[in-house]
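**Q** missing the sequence, but the structure's below:
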């Protein structure tokens with residue numbers, strides 16, 4: 001199974017933090033992670049790697065983040081179509097926190113909150 005192509009599979013983790021350098025240093029020391037920095041529209045994005053395998057990302061807190069939102073790890077679940085899955089989740093009682101949005105060169109994602117309050121992200125990746 002390829003989690004980046006399998007609907008319903010957890011496929012990516014991402015840390016949002018106000019100090020990406022401190023976080024990168026901590027996780028590098030703890031787990032031996034290496035980082036590759038990419039320039040993105042919202043600022044630098046650090047791809048976490050073990051060897052050549054990309055396993056996660058580290059990014060700065062978004063400028064529009066809630067004032068008291070703490071640094072946190074988030075998870076992405078692969079879907080076949082982010083727009084359809086976001087609409088279906090909403091019909092099932094979820095709240096759409098970030099509407100389906102394109103990530104250039106990656107795919108389309110949305111951030112949702114399930115009816116019990118848990119926040120998660122969905123993503124449909126671009127075909128290779």
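**A** Perfect, I can see it now. If you're wondering where the values come from, they're calculated on a predicted model, not measured in any experiment.

**Q** pull out the buried residues from stretch 98-106.
**A** Applying a neighbour-count criterion of 16 or more other Cβ atoms under 10 Å, one finds residue 100 buried in stretch 98-106. To be clear about C-beta, it is placed using only N, CA and C from the backbone, and glycine gets the same treatment.

**Q** domain map for this protein?
**A** Taking automatic domain parsing as the criterion, the chain consists of the domains 11-73, 79-128.

**Q** in TSV, list these along with mean pLDDT and distance to residue 2.
**A** Putting the domains of the chain into TSV (pLDDT from 0 to 100; distance: least, Cβ to Cβ, whole Å) gives the following:
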stretch	mean pLDDT	distance to residue 2
domain 11-73	91	9
domain 79-128	95	10
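
**Q** save the ones you listed as a markdown table, and put in distance to residue 3 too.
**A** Putting the domains of the chain into a markdown table (distance: least, Cβ to Cβ, whole Å) gives the following:
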| stretch | distance to residue 3 |
| --- | --- |
| domain 11-73 | 4 |
| domain 79-128 | 10 |
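
**Q** who's residue 10 bridged to?
**A** Here residue 10 shows beta-bridge partners residue 77, assigned using DSSP bridges.

**Q** likewise for residue 14?
**A** With beta bridges defined as DSSP bridges, residue 14 has these partners: residue 57, residue 74.

**Q** pretty sure it contacts residue 55?
**A** No: under the criterion of Cβ atoms under 8 Å, residue 14 makes no contact with residue 55, lying 10.6 Å away.

**Q** and residue 97, what element?
**A** Secondary structure from DSSP states H and E places residue 97 in strand 95-103.

**Q** parallel or antiparallel, which strands does that strand pair with?
**A** Strands flanking strand 95-103 in the sheet, each with its direction: strand 107-113 (antiparallel) (DSSP bridges).

**Q** which element follows the partner strand toward the C-terminus?
**A** Remark: after strand 107-113, the chain's next helix or strand is strand 119-125, criterion DSSP H and E.

**Q** and that following strand, which strands flank it?
**A** For strand 119-125, the pairing partners within the sheet under DSSP bridges are strand 72-78 (parallel), strand 107-113 (antiparallel).
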